[in-house]
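Visitor: Pasted the sequence and its predicted model underneath.
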Amino acid sequence: MSKFKKIETPIEGLYIIEPTVYGDNRGFFMESWNKKEFQEIGLNMEFVQDNHSRSTKGVLRGLHFQNPHSQGKLVRVIKGIVYDVAVDLRKNSKTYGQYYGIILSEENKKMFYIPEGFAHGFLVLSETADFMYKTTDYYCKECDGGIIWNDPDINIQWPLKEYVIEKPILSEKDKQLPTLKEYNEKNI
């Protein structure tokens, strides 16, 4: 039996990963990545880079992707709470343009596997959040792309009101991102 449980989402290839957590009065222990164990649950990928970000409440990072050099990502929160979102950008997918979102937290210890071909973003719901993720390709500045967080066609239901966030805090770059429709028109 694997130390990881793979849970399907409504979007093919996008998975929630629940690790086995061993806890007692001293704290807990868990594996967050084990190549052999992931292969046993049908996930066979090679990671080449680890990233770690810290953000404050209301920060929204995304929706980011790389084209070419698309990155698969295994994401998790080690401190705090975020609402994590993946948008299917695979042209031949029956769920193209659809999203799936999940709460990731230090308490639920869930991970989210986002394969190549997706845009990714997250909103910080706690006072601060430490967010870690592995990628299947290296960062490529020239390949950097994105979709605006509030694209009306994608219509992501960010939990702003539920977490008393009046307006998300965005980088200047993220404020300028196009809608998916605008991106597609520009990159035909």
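Guide: Good, I have the coordinates.
Visitor: alpha carbons only for contacts and neighbour counts from here, please
Guide: Noted.
Visitor: what number of residues lie near K186?
Guide: 9 (other Cα atoms under 10 Å).
Visitor: Per-residue pLDDT of it, please?
Guide: According to the predicted model, the pLDDT of K186 comes to 87.
Visitor: and if you look at D130?
Guide: At D130, pLDDT is 98.
Visitor: Return the residues in contact with I102.
Guide: 83-85 (Cα atoms under 8 Å, 6 or more residues apart in numbering).
Visitor: Kindly report the same for G42.
Guide: Contacts of G42 (Cα under 8 Å, 6+ apart): none.
Visitor: still on that earlier bit, nearest to A129, out of the contacts of I102: which one, please.
Guide: A129 lies nearest to Y83 out of the contacts of I102, by Cα to Cα, at 10.8 Å.
Visitor: what helix or strand is that closest one on?
Guide: strand 81-88 (DSSP states H and E).
Visitor: quick one: strands adjacent to that strand?
Guide: According to DSSP bridges, strand 81-88 forms sheet pairs with strand 99-105 (antiparallel), strand 118-124 (antiparallel).
Visitor: circling back to that earlier point, Throw the contacts of I102 into CSV and include neighbour count, pLDDT and distance to N92, thanks.
Guide: Formatted as CSV, the contacts of I102 follow (neighbours: other Cα atoms under 10 Å; pLDDT from 0 to 100; distance: Cα to Cα, whole Å):
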residue, neighbour count, pLDDT, distance to N92
Y83, 18, 98, 27
D84, 25, 98, 24
V85, 24, 98, 20
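Visitor: out of everything not next to it in sequence, what's closest to V77?
Guide: F131 (4.6 Å; Cα to Cα, 6 or more residues apart in numbering).
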